[in-house]
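Q: Quick one: sequence and predicted model below, then my questions.
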Amino acid sequence: MSQLINNLNKNICFIGAGNMSTAIIAGLIKKGFPSDKIMASNPSTPKLDTLAADFRIKVTQDNQEAVDFANIIIMAVKPQMMQQVCSDLVFSQDKVLVSIAAGIKVDRLSSFSRHTSPIIRVMPNTPSAIGLGMSGIYASDDVNEADTQMLVQIMSSVGKAIIVKNEEDIDTVIAAAGSSPAYFFLIAEAMQKEVINMGMSPEQARILIEQAMLGSATLMQQSPSLEFCTLRANVTSKGGTTAKAVESLQQSNINDIMAKAMRSAVKRAQEMSKQF
Ligand SMILES: NC(=O)C1=CN([C@@H]2O[C@H](COP(=O)(O)OP(=O)(O)OC[C@H]3O[C@@H](n4cnc5c(N)ncnc54)[C@H](O)[C@@H]3O)[C@@H](O)[C@H]2O)C=CC1
Ligand SMILES: O=C(O)[C@@H]1CCC=N1
């Protein structure tokens, strides 16, 4: 994959140099994507200075300069900014417009600018920064297969990528993978607090939780034939400690808690599609 991404021979720009752009840029550079084929634009300079210093990419405060430089334009501003930012830009049919914004559908995106390009929606997540991202990709009808596969290739170079056939599925990708690193960090925070309450240091708490999460995630990945419930059962000795902890979580309706959280994320994406 790394060889493929090196040979892509396309310029990529990021409009908006925030958290998610930085994560994808970091991941691309780590995979050997040429830094002189990436440009980021942002209204203020501090983030651009950091990106230029850390990754040697091209930077600009002029969004149109970035669009003109690139074959692939990644729109990475906040959803509420998208309309204003897009309407100021001139795109062209030979470029591919990629939006990573939550909650803004292709139809809306194409209405934001008079000069449009084929549009692909990508829903990535921040672990892309370390090559462990997860992205969902939705290509609108006017995108050709080669461009869709190019996006799969780009996002696969910073993690894993799946294509979704229905645009609504992008909201499910948000609930399951775009937003979910925050759920895991929240669980880690809660556990760290309790380890400290139990008398251990924050550093010891961190390593205990971090390594247990990493080990569990790796075990899931390396045991494709085992269902998650089997992996859980393998930890849970009859009459033992895990059984009590799991029972407590189930009594607190962990399934309902997670379902409610994920449905709240989807609901917010649906609201945003009307709001912005
Ligand atoms: N952070 C995450 O985990 C994920 C974010 N996203 C999407 O990525 C997009 C960006 O999110 P973040 O990176 O988290 O936000 P952010 O706030 O970190 O980055 C947005 C950047 O856009 C810049 N900006 C503001 N006005 C601009 C303009 N007129 N022209 C160019 N740049 C401008 C801001 O200065 C900022 O650096 C959002 O649409 C979000 O829905 C998608 C998946 C995951
Ligand atoms: O919170 C958000 O709206 C974005 C989309 C997925 C992760 N961050």
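A: Yep, it's here. Ligands and ions are numbered 1, 2, ... in the order given.
Q: after the host helix or strand of Val246 comes which helix or strand?
A: If you go by DSSP states H and E, Val246 is part of helix 241-251. Beyond helix 241-251 on the C-terminal side, the first helix or strand identified by DSSP H and E is helix 254-275.
Q: domain assignment for the chain?
A: 2-167, 180-274 (automatic domain parsing).
Q: Alongside ligand 2, which residues does this protein contribute?
A: Contacts of the chain with ligand 2, taken as C-beta under 6 Å from any ligand atom, map to Ala102, Ile174, Gly178, Ser179. C-beta here means a position set from N, CA and C on the backbone, and glycine is covered the same way.
Q: Quick one: these as a markdown table, columns for distance to Lys58 too.
A: A markdown table is the format used below for these (distance: C-beta to C-beta, whole Å):
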| residue | distance to Lys58 |
| --- | --- |
| Ala102 | 27 |
| Ile174 | 30 |
| Gly178 | 27 |
| Ser179 | 31 |
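Q: Intersect these with the contacts of ligand 1.
A: Residues of those in contact with ligand 1 (C-beta under 6 Å from any ligand atom): Ala102, Gly178.
Q: Switch the residues of the chain next to ligand 2 over to a markdown table; also include neighbour count and secondary structure.
A: Listed next are those as a markdown table, based on neighbours: other C-beta atoms under 10 Å; DSSP: H, G, I helix; E, B strand; the rest coil:
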| residue | neighbour count | secondary structure |
| --- | --- | --- |
| Ala102 | 21 | coil |
| Ile174 | 21 | helix |
| Gly178 | 26 | helix |
| Ser179 | 20 | coil |
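Q: Can you lay out the residues of the chain next to ligand 2 as CSV showing pLDDT and distance to Asn19?
A: Shown next, in CSV, are the residues of the chain next to ligand 2 (pLDDT from 0 to 100; distance: C-beta to C-beta, whole Å):
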residue, pLDDT, distance to Asn19
Ala102, 98, 13
Ile174, 98, 15
Gly178, 98, 12
Ser179, 98, 13
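Q: List the residues that contact Ile163.
A: Contact analysis of Ile163 by C-beta atoms under 8 Å, 6 or more residues apart in numbering lists Gly136, Ile137, Tyr138, Ala139, Thr148, Val152.
Q: what's the spacing between the helix holding Val246 and its chain's center?
A: Centroid displacement of helix 241-251 relative to its chain, using C-alpha atoms, centre = their mean, to the nearest Å, is 32 Å.
Q: any idea of the mean pLDDT in it?
A: When pLDDT is averaged over helix 241-251, the result is 98.
Q: the inter-axis angle of it versus helix 254-275?
A: Interaxial angle, helix 241-251 versus helix 254-275 (axes from the mean of the first three to the mean of the last three C-alpha atoms, to 10 degrees): 50 degrees.
Q: Wait, Gln64 touches Leu89, no?
A: Yes - in terms of C-beta atoms under 8 Å, Gln64 counts as a neighbour of Leu89; the distance is 5.9 Å.
Q: The two: which is more packed in?
A: A direct count of neighbours by other C-beta atoms under 10 Å for Gln64 and Leu89 places Leu89 higher, at 20 against 14.
Q: Need the per-residue pLDDT for that one.
A: On the pLDDT scale, Leu89 is placed at 95.
Q: With adjacent residues omitted, what lies nearest to it?
A: Distances taken as C-beta to C-beta, 6 or more residues apart in numbering place Val67 nearest to Leu89, at 5.4 Å, with adjacent residues excluded.
Q: What separation is there between Tyr138 and ligand 1?
A: 13 Å (C-beta to the nearest ligand atom, to the nearest Å).
Q: does that residue count as helix, strand or coil?
A: Of the three states, Tyr138 takes strand under DSSP: H, G, I helix; E, B strand; the rest coil.
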